[in-house]
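Chemist: Sharing a model that was predicted from the sequence below.
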Amino acid sequence: MFPKSTRPERIKSNLEIFDFSLTEDEMSAIRTLDKGKGMHDPDKPGVAEWLLSNYKIHE
């Protein structure tokens, strides 16, 4: 899902999604959630190009 807004203040706040950091303990906890049953591989060759060509994420 991509955030959508027409109000400048909301657009700005939507872009400020990386204003935090996680501790190594938090990262370790997140890693335990991976059960190896994903349905796609985001690192598979061609996926990044496909996403960039189908979604306007740099405007």
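Modeler: Happy to help now that I have it. Model, not experiment: these values are computed from the prediction. Numbering: from 1, shown residues only.
Chemist: Give the other helices and strands that the helix or strand bottoming out on mean pLDDT in the chain contacts.
Modeler: Among the helices and strands of the chain, helix 8-15 carries the lowest confidence by mean pLDDT, DSSP states H and E, at a mean of 84. Here helix 8-15 touches no other helix or strand, going by 3 or more C-beta pairs under 8 Å, 6 or more residues apart in numbering; DSSP states H and E. (C-beta placed from N, C-alpha, C; glycine too.)
Chemist: Give me the buried positions along it.
Modeler: Residues of helix 8-15 classed as buried by neighbour count (16 or more other C-beta atoms under 10 Å): none.
Chemist: list the buried ones in the following helix or strand past that helix?
Modeler: Proceeding N to C from helix 8-15, the next assigned helix or strand is helix 24-31, under DSSP states H and E. Judged by neighbour count using 16+ other C-beta under 10 Å, helix 24-31 contains no buried positions.
Chemist: C-terminal to helix 24-31, what's the next element?
Modeler: Next along the chain after helix 24-31, taking DSSP H and E as the criterion, comes helix 47-54.
Chemist: mind listing what Ser53 touches?
Modeler: By C-beta atoms under 8 Å, 6 or more residues apart in numbering, Ser53 lies in contact with nothing.
Chemist: From Asn14, how far off is the closest residue to Ile11 other than its chain neighbours?
Modeler: Among residues not flanking Ile11 along the chain, Ser5 sits closest, at 5.3 Å (C-beta to C-beta, 6 or more residues apart in numbering). According to C-beta to C-beta, to the nearest Å, Ser5 stands 6 Å off from Asn14.
Chemist: which residues of the protein score low on pLDDT?
Modeler: 1-3, 58-59 (pLDDT under 70).
Chemist: switch to 80 and redo it
Modeler: Residue ranges of the chain with pLDDT under 80: 1-5, 34, 36-40, 42, 56-59.
Chemist: Burial check on Asp34, number of neighbours?
Modeler: 8 (other C-beta atoms under 10 Å).
Chemist: Spit out the contact partners of Ile30.
Modeler: Neighbour list for Ile30: Leu22 [criterion: C-beta under 8 Å, 6+ apart].
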